[in-house]
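Asker: Dropping a prediction and its sequence here:
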Amino acid sequence: MVWATLQPFVEWLGSSEFGQWLGQSTNRIAGLFVMHLIGLTLLLGGTLVIGLRLLDIGLRSQPVSGLARDIAPWRMAGLILSVISGALIFTGGAVSYFEGPWFRWKMTLLAIALIFNFTAFRTVAYADEGRFHPWLRRTMGGLTLLLWFSVGVAGRAIGFF
Amino acid sequence: MITVVEWCKALEDTRIGEIVRESAFPYVEGAHVLGLALSVGTVVWFDLRLLGATMRTRPVEEVFRNLKGWMIAGFSLMFLSGALLFTAHAAKAYANNYFRAKIALIVLAGVNTAVYHVTIDRRRSEWSDAAVPPVGARAAGLVSLVLWFSVIAAGRIFAYDL
């Protein structure tokens, strides 16, 4: 399995000087969590806006592809901020995070959400009006919301369960 | 006269406080954290529009109309879930400086919104179509972004301190 293959790298990362330094300070980790939540707000907020539009539930006066292009840079900024802060939080407690089932769920869901985002979602959201059937568009909206919010749910579960 | 601390303790002793503290906490907090997407996560798009940083071809009027209901729903969810979380550890929260800062920042964000609506927003029809709104509107958008991100920061650190 891919997890077993990664184990030696995770152990090296967790015991590295940088990993130890990060994990030592509550303030550093708290600061990283703040960045992670601001990233989440931009990423999931943007996901919500485009997801609702694809579903024809919200922002209906704005054309889909125009809206998708308008929100893309800020949503991407949210993704980058989340990934960088998340990677650093992980580095500060690598071995224990890596063992957790919810962490593994989160990473699996994140991988699926990213692949989906840069293939099917992008194709449909950026297409000209009428290029795809309305139900395909709505399905993409529903899947986008489901995938990205399940990443969030799994992430919150890491801290609690 | 009961003191605020006594009132907080009484709140913790209610059935709701007990349920949240002993079983519902992870779910209510999960809703509060993911609710960021619906509350601040929708407000940021309006703030960015006021700054001329997104949806520049769409009138400010239209962006506001499209987001308004979602913003209200988002903040209702945050207020409700936040109030429930408060009942679980009211006395500790009340005594915490980060919690106090968070409440103060929320009040400031509300004042900023109110000032915007009674001043520059009154003349919105004059600048609604502008790609980059006038300086007063941009200032309101920037202040809102900074305040809401500060609310998130204070809330996250407060949870750490609890």
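Answerer: Here it is on my side, so go on.

Asker: The residue of chain B found nearest chain A: how many residues sit nearby?
Answerer: Across chain B, no residue is closer to chain A than residue B:41, which sits at 2.2 Å (C-beta to the nearest C-beta). The C-beta positions use only the backbone N, C-alpha and C, and glycine is treated the same way. Residue B:41 sits with 26 neighbouring residues when counted by other C-beta atoms under 10 Å in any protein chain shown.

Asker: Just say helix, strand or coil for residue B:133.
Answerer: Following DSSP: H, G, I helix; E, B strand; the rest coil, residue B:133 is assigned to coil.

Asker: which residues sit in contact with it?
Answerer: By C-beta atoms under 8 Å, 6 or more residues apart in numbering or on different chains, the residues touching residue B:133 are B:50, B:51, B:52, B:60, B:127, B:141.

Asker: ok, these vs residue A:2, which is closest?
Answerer: residue B:51 (42.3 Å; C-beta to C-beta).

Asker: wait, what's in contact with the closest one?
Answerer: B:132, B:133, B:138, B:141, B:142, B:145.

Asker: what's the most distant pair in those residues?
Answerer: B:132 and B:145 (15.7 Å).

Asker: So for those two, which sits in the more crowded spot?
Answerer: Relative neighbour count places residue B:145 above the other of residue B:132 and residue B:145, with 19 against 13, counting by other C-beta under 10 Å.

Asker: Touching, the more buried one and residue B:44? I think so.
Answerer: Yes. Applying C-beta atoms under 8 Å as the test, residue B:145 and residue B:44 come out as touching, 6.4 Å apart.

Asker: Are the helix or strand hosting residue A:156 and chain B in contact anywhere?
Answerer: Residue A:156 belongs to helix A:134-160 when assigned by DSSP states H and E. Yes. Using C-beta under 8 Å from any C-beta of the partner chain, helix A:134-160 reaches chain B at A:149, A:152, A:153, A:156, A:157, A:160.

Asker: number of nearby residues for the spatially closest residue to residue A:51 that is not a sequence neighbour?
Answerer: Nearest in space to residue A:51, with sequence neighbours left out and distances taken as C-beta to C-beta, 6 or more residues apart in numbering or on different chains, is residue A:145 at 4.0 Å. If you count neighbours by other C-beta under 10 Å, residue A:145 ends up with 19.

Asker: Now for residue A:145: which residues touch it?
Answerer: By C-beta under 8 Å, 6+ apart, residue A:145 lies in contact with A:47, A:48, A:51, A:52, A:55.

Asker: do residue B:145 as well
Answerer: B:44, B:47, B:48, B:51.

Asker: okay, these in CSV with secondary structure, distance to residue B:94 and pLDDT next?
Answerer: Converted to CSV, the contacts of residue B:145 look like this (DSSP: H, G, I helix; E, B strand; the rest coil; distance: C-beta to C-beta, whole Å; pLDDT from 0 to 100):
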residue, secondary structure, distance to residue B:94, pLDDT
B:44, helix, 29, 98
B:47, helix, 30, 98
B:48, helix, 34, 98
B:51, coil, 35, 98
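
Asker: Pick out the most distant pair among the residues you listed.
Answerer: The span of the contacts of residue B:145, defined through C-beta to C-beta, is set by B:44 and B:51 at 10.1 Å.

Asker: Could you measure from residue A:11 over to chain B?
Answerer: From residue A:11 over to chain B the distance is 27 Å, taken as C-beta to the nearest C-beta, to the nearest Å.

Asker: Check which helix or strand the residue of chain B closest to chain A maps to.
Answerer: Residue B:41 belongs to helix B:40-50, assigned by DSSP H and E.

Asker: helix/strand/coil for the nearest residue to residue A:52 once chain neighbours are set aside?
Answerer: Closest residue in space to residue A:52, ignoring its immediate chain neighbours: residue A:58 at 3.4 Å, by C-beta to C-beta, 6+ apart. Look at residue A:58: counting by three-state DSSP, its state is coil.

Asker: what sits against residue A:58?
Answerer: Taking C-beta under 8 Å, 6+ apart, we find residue A:58 in contact with A:49, A:52, B:66, B:69, B:70.

Asker: Any stretches of chain B with poor pLDDT?
Answerer: Of all residues in chain B, none has pLDDT under 70.

Asker: top helix in it by residue count?
Answerer: Using DSSP state H, we find that the single longest helix of chain B is helix B:60-88.

Asker: what's the offset of the helix or strand just after it from the middle of its chain?
Answerer: Downstream of helix B:60-88, the first helix or strand assigned by DSSP H and E is helix B:90-95. Helix B:90-95 sits 20 Å away from the centroid of its parent chain (C-alpha atoms, centre = their mean, to the nearest Å).

Asker: do stretch B:59-70 as well
Answerer: Distance of stretch B:59-70 from its chain centroid, counting by C-alpha atoms, centre = their mean, is 17 Å.
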